[in-house]
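> What shape does this take:
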Amino acid sequence: MQGVTVVDHPLVQHKLTLMRDKTTSTAGFRTLLREIATLLCYEVTRDIELETIDIETPMGPMTAPIIKGKKLVFASILRAGNGLLDGMLDLVPAARVAHIGLYRDHETLEPVEYYFKAPADLENRLVIVVDPMLATGNSAIAAVERLKERGANKVRFLCLLSAPEGLRKFTAAHPDVPIFTAAIDSHLNDIGYIVPGLGDAGDRMFGTK
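As a prediction, the model looks like this:
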């Protein structure tokens, strides 16, 4: 699918399989989510622009590469997005963070916003939106719309699992936003969950029902 990158690194796929297993504990799931987020972060930032600066090493001067421009923004779709956020901040601790509070109405499957807080100057920053699941696509679409309203014009979306239905809907709504995912699963069931999936990522991460 155009605009979609499947991160098929063996370590990513191995950890994802462990996360799918229903016998994996809450603590184990949380740890794996943080670890896999760091690996996915490598891929979603692979082509960000660099510039060179002059530095002094213990052995002498050199010109060396450094990330160009203003700091990245990681935009977490609450609450499950925070599981990915932690691992990404391990890799890029200086990144700014946005939080977008959305929950899915279980009758309509549409997103309902209850919180939004983002750094200033989004128009000058690469914004990476994170949520473990791209299921119906409704929450992801709404989150990106809010960020664009605030000026974001360089946006990427990162998730663990995606469904074909959500991918089609998201790319139709935001064809300019690349998607990075560890897997594209079979389909959505009649209540909008990814199959075979891994269940509700937030519940498994926090031990709730």
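> Toward the C-terminus, what is the element adjacent to the strand or helix carrying residue 128?
Assigned by DSSP states H and E, residue 128 belongs to strand 127-130. Downstream of strand 127-130, the next assigned helix or strand under DSSP H and E is strand 133-134.
> what lines up beside that next one in the sheet?
Here strand 133-134 is paired, per DSSP bridges, with strand 155-162 (parallel).
> Check which helices and strands the next helix or strand after the partner strand is in contact with.
The C-terminal neighbour of strand 155-162 among helices and strands, as given by DSSP H and E, is helix 164-173. For helix 164-173, the packing partners by 3 or more CB pairs under 8 Å, 6 or more residues apart in numbering; DSSP states H and E come out as strand 133-134, helix 138-149, strand 179-184, strand 187-188. All C-beta atoms are positioned from the backbone trio N, CA, C, and that covers glycine.
> tell me the angle the lengthiest helix in the chain makes with strand 155-162.
Taking DSSP state H as the criterion, the chain has its longest helix at helix 26-44. Put simply, helix 26-44 runs at 140 degrees to strand 155-162, going by axes from the mean of the first three to the mean of the last three CA atoms, to 10 degrees.
> Please name every helix or strand in contact with the following helix or strand past helix 26-44.
As assigned by DSSP H and E, the chain's next helix or strand after helix 26-44 is strand 50-57. Under the contact criterion of 3+ CB pairs under 8 Å, 6+ apart, strand 50-57 touches strand 60-67.
> who touches the helix or strand just after the strand it packs on?
Downstream of strand 60-67, the next assigned helix or strand under DSSP H and E is strand 73-78. Contacts of strand 73-78 with the rest of the structure, by CB atoms under 8 Å, 6 or more residues apart in numbering, involve 81-82, 84-85, 88-89, 92, 95-102, 115, 118-119, 122, 125-131, 139-140, 143, 147, 152.
> Residue 128 versus the closest residue to residue 118 other than its chain neighbours, what's the distance?
Excluding the flanking residues, the one nearest residue 118 by CB to CB, 6 or more residues apart in numbering is residue 98, at 3.7 Å. Applying CB to CB, to the nearest Å, the value for residue 98 to residue 128 is 10 Å.
> ok, and the closest non-adjacent residue to the residue nearest to the spatial centre of the chain?
For the chain, the residue nearest the mean C-alpha position is residue 130 (2.3 Å; CA atoms, centre = their mean). Leaving aside its sequence neighbours, residue 130 sits nearest to residue 84 (CB to CB, 6+ apart; 4.2 Å).
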